[in-house]
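J.: Based on what follows, work out the 3D shape:
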Amino acid sequence: MNAEQTRLREARDQTAPWKKWGPYLSERQWGTVREDYSEAGDAWAYFSHDQARSRAYRWGEDGIAGVSDDKQHLCLAVALWNGTDPILKERLFGLTNAEGNHGEDVKEYYFYLDSTPTHSYMKCLYKYPQAAFPYDDLVRTNKARSRTDYEYELLDTGAFDENRYFDVFVEYAKASPEDVLVRVTVHNRGPEAATAHVLPTLWFRNEWSWLTSPERPTLRQEADGPGRGVVHAAHTALGDRYLYCDGNPPLLFTENETNTQRVFGIPNRTPFVKDSIHDHVVHGREGVVNPQKTGTKVAAHYRLTVPAGGSRTVQVRLSDAPPEAIARANGSKGAPFGAAFDSVLNARRAEADEFYAGVIPAKLGADGANVMRQALAGMMWGKQFYHYDVDKWLEERGSDPFKATRKASPRNDHWHHMYNGDVISMPDKWEYPWYAAWDLAFHVLALTLVDPDFGKQQLKLMLRERYMHPNGQIPAYEWNFGDVNPPVHAWATYFTYSLEKLQGGEGDREWLKSSFQKLLLNFTWWVNRKDRTGRNVFEGGFLGLDNIGVFDRSSPLPTGGYLEQADGTAWMALFCQNMLQISAELALSDPDYADMVLKFTEHFLWIASSMTHVGNGTGMWDEQDGFFYDVLRLPDGRSERLKVRSMVGLLPLCAATVYDGRVLAKYPELGERLRWFLESRPEVRAAIHDPGARGCAGRHLASILDETRLRRVLEKMLDENEFLSEFGIRSLSKYHEAHPFVMNVGGQDYRVGYLPAESDTGMFGGNSNWRGPIWVPVNALIIRSLLQYYSYYGNDFTVECPTGSGRHMTLYQVAEEIGRRLANMFLRGADGRRPVYGGSETFQTDPHWKDLVLFYEYFHGDNGAGLGASHQSGWTGVVARVMHLFATMPAEWFLNPNRAALPPTTA
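T.: Residues are numbered from 1 along each chain as shown. Model (predicted):
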């Protein structure tokens, strides 16, 4: 085991808390539902960016390149000032939904460059202009632009002209689980010397203002030797900590308390408030920081003159060891800095390299390794302490559900059981600083490459009683926990278990068994709540696909009636298959699960047949088009297919899973009962793949599509004039560019046309678009299904790829081709350019930008440029798993009867 693997084992065995400190600080706490106590639920307006520097948060904290303990009692982050900004740069700036022409959007440049899973080493980069930050220009210009215009970005403002900016690199290294070393290196990329104020800031999350019997923590300056300053932090739960500051900078103390005078026009109860350090540094005000050198927030103020092309460094250290212990351990007058500090930092950096050398396949090459490592770094930095007691929140806003006189709450009043207080993998710590259940399932695919234990913990978290609703629903996201995300939790659970079993020879059966019990509750919720007529066809609302439909699928239809959703029904078919996989695995050692194998087999068959069955009027399968569509059921009994060729119709392809038959061999009576079921109900399997037919290595295949229909769907999916882009599978067929779908209801046209870039509607906020762009997570699902089909059909099944090219491929090769196209969005092409950055010359050619990689929310359907949230490593980071898969698992592995005979390798 290398050093990082040893730390992971110690964290798992709880012999050393290596994960106690990490990048658990949010990048945006303002504008969130948790901080919203407004009557109408307008979270963006109630707590603004402008207020954030002055107003104490209730539920969490935010900062730049920050860390905290895993309960976020104590936070450490970097604040900056360039001498010209109107405010101290303590947090990232971005637009609210109303200010951006394509929804909310961060307007900063920052990059996650490295992190081990225990955060023993971390590195990130923030690019800070030397001119005044153009806050007003960004808001004014974006607000004036229409949805058909490009977003106005920070580079467009001229803030980086002549390279007049600082590259601020922040590195963390742990000497021990409780001893965190921090180095901030400021590079001046400009042509002249420039001044940078660097303020490492330590503060306590304000818990005392909200408690009836608060125990207030304290920060206090302590005397120490020459050349350094020391802050003693005392907290009843956390204990004592010490911040050591190299170079003995001025220490500015205040309180993490709201400046009520500025925010609400109410006199402050203390002269030392949250924004006092801002007032002192930016406005030069004396008396606003505490001369007694005590408080709950402190910043070490370094003023650096950085020469043109040069750099300056700041070092601090957060430790549980008092000064005398640090001195004894290091044995020199320079402790806690000097050679010992450098040695730890260099060692952890080298250990990170060693760890990732064992994770990233060498055959990816230098650029591929760079992309994959930054994708995984984003996953690691994307962890956040998420705190939300919904019952307390409702009570505080006068909406206690158990009081007769309560006010109505704009959201989540049916989720008063929820108490969240955990480190969770976030989609994006600025744009989506809250968990989303189906996002999290995709996060785990990449997370398990480096930390299977964390992946398992994340999946289990959503099934705990303080998350999952008592009725069995898994929470969606904080804007509406009761909304419906695709049921992919079981799929991620079985994937994680199987991966652990493959790598270690056995999986965690107790974890799998416990998860299965809770997933049964969730499955039952779906069956009882989303199958309106009991015919195994499902609804579900938007299902995470935002504006993909003709109508807003989360709202009452303008036509009346309801939708039978091809994607909702396909998701449930896959859910059945995954539950079948889990129950089959458990049944191999526990006969109590054998009946569940048959239960989920039969339920899958009912659902699959309902998708293809033409009874009861119009079905989802269109024989003429060879494609699946949503079906609109009208109040008068009529029905019609909404013939939009979209990801909705491709998802039935994804409900495909192979089985090796070991459970049927162990329990022959199950086979007899299944045969009786199939023989007595021939209509169930009439239009789907025959579940009794054997393929490669005697495998069975559960699939909605038989071979004929599979080929027809693949023909469209692999057509470059329809779904196949140079950079993956589009979410909507390019066919609709020239042939938009239009439906007139009540004199109003409802239209779906091919939009390869941003959304042109405000549906679901308008900040994401499923009408043409490429989304990496659903591409990963398609790749998974193609490999399942390949494991069954083998090399004899080939298709044209691209359609009409005359080039035939096996389904493994098709999957590999889609994976190659996805990866190519991030990789430098033969022309030296990365498609993800489109026409941005700075990102494409500047030596200080061109090897930095952002993992956007989605990507232009024609040119692969990044769109939407710019740091959504959460689920776009799954591209790391795709790259790893095809670099380590050859086609032969998928056909081998004993797959363990060809284990994945990083060679």
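J.: helices or strands next to the helix or strand of the chain with the lowest mean pLDDT in the packing?
T.: When the helices and strands of the chain are compared on mean pLDDT, DSSP states H and E, helix 323-330 comes out lowest with a mean of 80. Contacts defined by 3 or more CB pairs under 8 Å, 6 or more residues apart in numbering; DSSP states H and E place helix 323-330 against strand 239-246. No exception for glycine: its C-beta is placed from N, CA and C like everyone else's.
J.: let's see it at 7 Å
T.: Helices and strands touching helix 323-330, as assessed by 3 or more CB pairs under 7 Å, 6 or more residues apart in numbering; DSSP states H and E, are absent.
J.: Output it as PDB - backbone C-alpha positions only.
T.: Provided in PDB are the C-alpha atoms of helix 323-330 (Å, rounded to 0.1, in the frame of the first residue of the first chain):
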ATOM      1  CA  PRO A 323       3.400  26.300  20.500                       C
ATOM      2  CA  GLU A 324       5.600  24.400  22.900                       C
ATOM      3  CA  ALA A 325       4.600  21.000  21.400                       C
ATOM      4  CA  ILE A 326       5.300  22.300  17.900                       C
ATOM      5  CA  ALA A 327       8.700  23.500  19.000                       C
ATOM      6  CA  ARG A 328       9.500  20.200  20.600                       C
ATOM      7  CA  ALA A 329       8.400  18.200  17.500                       C
ATOM      8  CA  ASN A 330      10.400  20.300  15.100                       C
END
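J.: Walking through the stretch 751-900 of the chain, point out its helices one by one.
T.: Remark: helices assigned in the stretch 751-900 of the chain by DSSP state H, counting those that start in this stretch are 776-793, 811-824, 841-845, 873-876, 879-888, 891-895.
J.: quick check: angle from the longest one to helix 879-888?
T.: The reference is to helix 776-793. 30 degrees (axes from the mean of the first three to the mean of the last three CA atoms, to 10 degrees).
J.: list the helices and strands helix 776-793 packs on?
T.: helix 437-447, helix 647-654, strand 656-659, strand 728-729, helix 811-824, helix 873-876, helix 879-888, helix 891-895.
J.: Between helix 811-824 and it, find me the angle.
T.: Using the same axes, to 10 degrees: helix 776-793 against helix 811-824 is 160 degrees.
J.: could you give the angle of helix 776-793 to helix 437-447?
T.: Going by the same axes, to 10 degrees, helix 776-793 makes 70 degrees with helix 437-447.
J.: for helix 776-793, the distance to its chain's centre please.
T.: 21 Å (CA atoms, centre = their mean, to the nearest Å).
J.: And the average pLDDT for it is what?
T.: In this model, helix 776-793 has a mean pLDDT of 98.
J.: what's the answer for the fifth one, then?
T.: Per-residue pLDDT values across helix 879-888 average out to 97.
J.: Tell me which other helices or strands it touches.
T.: helix 365-381, helix 437-447, helix 776-793, helix 811-824.
J.: just to revisit the earlier point, dump the helices and strands packed on helix 776-793 to JSON lines, plus distance to Gln130 and mean neighbour count.
T.: Below are the helices and strands packed on helix 776-793 laid out as JSON lines (distance: least, CB to CB, whole Å; neighbours: other CB atoms under 10 Å):
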{"stretch": "helix 437-447", "distance to Gln130": "36", "mean neighbour count": "27"}
{"stretch": "helix 647-654", "distance to Gln130": "44", "mean neighbour count": "26"}
{"stretch": "strand 656-659", "distance to Gln130": "55", "mean neighbour count": "23"}
{"stretch": "strand 728-729", "distance to Gln130": "39", "mean neighbour count": "28"}
{"stretch": "helix 811-824", "distance to Gln130": "35", "mean neighbour count": "22"}
{"stretch": "helix 873-876", "distance to Gln130": "28", "mean neighbour count": "30"}
{"stretch": "helix 879-888", "distance to Gln130": "34", "mean neighbour count": "23"}
{"stretch": "helix 891-895", "distance to Gln130": "53", "mean neighbour count": "18"}
